[in-house]
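# structure, please.
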Amino acid sequence: MFFPLSYHENKKYTMKFPSDQNLLRMFSSRIRTRRHELKLTQEEVSELVECSPNAYGNIERAQADPCLTMVFRICKALKISIKDVIPV
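Numbering: from 1, shown residues only. A predicted model of the protein is given here:
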C-alpha cells in the first residue's frame with residue numbers, strides 16, 4: 001500500500017499513515033473476507049489461533065486490537081500473508 005507524502009510549512013516531507021482505528025478496520029475486514037473465502041466460522045478460527053470465540057469476534061469487528069503474536073496466528077490459520085492484511 002502506498003502512503004502519500006505530505007509537505008509541511010517547515011519544508012519537510014512526512015508520510016501520512018492511516019489512523020490506528022483505520023488500520024484496525026482494514027485488518028479486520030481483510031481477515032473476515034478471507035475467513036469467508038475459506039468457509040470457516042469464527043469459532044473454527046478461534047480454535048486454530050487458540051483464543052476464545054468472543055476474543056476472535058472482537059478482533060473481526062475491530063473492537064479489539066490484537067497483539068503481534070495474535071496477528072501472526074490469525075494469518076497462519078487463514079493461510080494468508082501478513083502483508084496481505086496489514087498495509088506496509
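
# just the helices in this structure please.
Under the criterion DSSP state H, helices of the chain are mapped to 20-37, 42-49, 53-60, 68-77, 82-85.

# need those in JSON lines with mean neighbour count and mean pLDDT, can you?
Heads up, the C-betas are built off the backbone N, CA and C, glycines and all. Shown next, in JSON lines, are these (neighbours: other C-beta atoms under 10 Å; pLDDT from 0 to 100):
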{"stretch": "helix 20-37", "mean neighbour count": "15", "mean pLDDT": "93"}
{"stretch": "helix 42-49", "mean neighbour count": "18", "mean pLDDT": "98"}
{"stretch": "helix 53-60", "mean neighbour count": "18", "mean pLDDT": "97"}
{"stretch": "helix 68-77", "mean neighbour count": "16", "mean pLDDT": "96"}
{"stretch": "helix 82-85", "mean neighbour count": "14", "mean pLDDT": "91"}
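
# could you pull up phi and psi at the closest residue to residue 25 other than its chain neighbours?
Nearest non-adjacent residue to residue 25, counting by C-beta to C-beta, 6 or more residues apart in numbering: residue 62, 4.8 Å away. The phi and psi values for residue 62, taken as degrees, to the nearest 10, are phi 60, psi 30.

# ok, residue 62 - contacts?
Neighbour list for residue 62: 21, 24, 25, 27, 28 [criterion: C-beta atoms under 8 Å, 6 or more residues apart in numbering].

# ditto for residue 64
Counting by C-beta under 8 Å, 6+ apart, residue 64 has contacts 55, 58.

# check it and give its pLDDT.
What the model reports as pLDDT for residue 64 is 94.

# what's the separation between the residue nearest to residue 78 when sequence neighbours are not counted and residue 60?
Closest residue to residue 78 apart from its sequence neighbours, by C-beta to C-beta, 6+ apart: residue 34 at 4.6 Å. Separation of residue 34 from residue 60 (C-beta to C-beta, to the nearest Å): 11 Å.

# residues in contact with the residue nearest to the spatial centre of the chain?
For the chain, residue 27 is the residue whose C-alpha lies nearest the centre (C-alpha atoms, centre = their mean; 2.2 Å). Contact analysis of residue 27 by C-beta under 8 Å, 6+ apart lists 62, 66, 71, 85, 86.
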